[in-house]
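Coordinates only, no sequence provided:
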């Protein structure tokens, strides 16, 4: 789930285009249980100015076909491609202590176990196996992808706004 300017909003999905010719959209859900995205309806735009009621019509490859309020035609659905959908944090389930919303990790400073600043989390990526923290920093020649595992990231302190990392040898 991605970062927004409004910390109260969490990205729960994105529209990837039209599905068919009757105004249905293709929807990617970023929820742990993908079809629960419908439970958070109405969803909002990133800036919180637009609200959309969402109804899942069927599962399709890589997501769902869905109906979105205000989207009546294929052209309307095509125009929504790329729009990210957000739910208010208080609508979402409280997470166990060892789970985090991506939006809460982005922007945190990352320190090594000796207290040296390594960089800041720019994004949280997932390419199938597990999450990776994309780390950027002044002393880094390029982006570093840190595995988001208990071994490599033993401490996440949201209140202090920091992560303590024990990265694999040679990563930084």
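Perfect, I can see it now. All figures in this text were calculated on a predicted structure; none of them were measured in a lab.

Could you confirm residue 104 falls within a strand?
No - using DSSP: H, G, I helix; E, B strand; the rest coil, the assignment for residue 104 is helix, not a strand.

pretty sure it contacts residue 159?
No - Residue 104 lies out of contact with residue 159 (CB atoms under 8 Å); the separation is 10.8 Å. Heads up, the C-betas are built off the backbone N, CA and C, glycines and all.

If you count surrounding residues, which of those two has more?
Counted by other CB atoms under 10 Å, residue 104 and residue 159 do not tie: residue 104 has more neighbours, with 19 against 5.

contacting residues around that one?
residue 158 (CB atoms under 8 Å, 6 or more residues apart in numbering).

How about the one 5 residues further on?
Contacts here follow CB under 8 Å, 6+ apart; on that basis residue 109 touches 117, 119, 120, 161, 162, 163.

Kindly recompute the last result at 10 Å.
Residues near residue 109 by CB atoms under 10 Å, 6 or more residues apart in numbering: 117, 118, 119, 120, 121, 135, 137, 160, 161, 162, 163.

residue ranges with poor pLDDT in the protein?
Residues of the chain meeting the criterion pLDDT under 70: 1-7, 128.

Run through the neighbouring helices and strands of the longest helix along it.
Secondary structure of the chain per DSSP state H: the longest helix is helix 74-79. Under the contact definition 3 or more CB pairs under 10 Å, 6 or more residues apart in numbering; DSSP states H and E, helix 74-79 sits against strand 9-19, strand 24-29, strand 63-68.

circling back: tell me which entries of the contacts of residue 109 lie within strands.
117, 118, 119, 120, 121, 135, 162, 163 (DSSP state E).

check contacts around the residue nearest to the third one when sequence neighbours are not counted.
Once its chain neighbours are removed from consideration, residue 119 has its nearest residue in residue 137; the separation is 2.7 Å (CB to CB, 6 or more residues apart in numbering). Taking CB under 10 Å, 6+ apart, we find residue 137 in contact with 109, 110, 117, 118, 119, 120, 122, 143, 144, 172.
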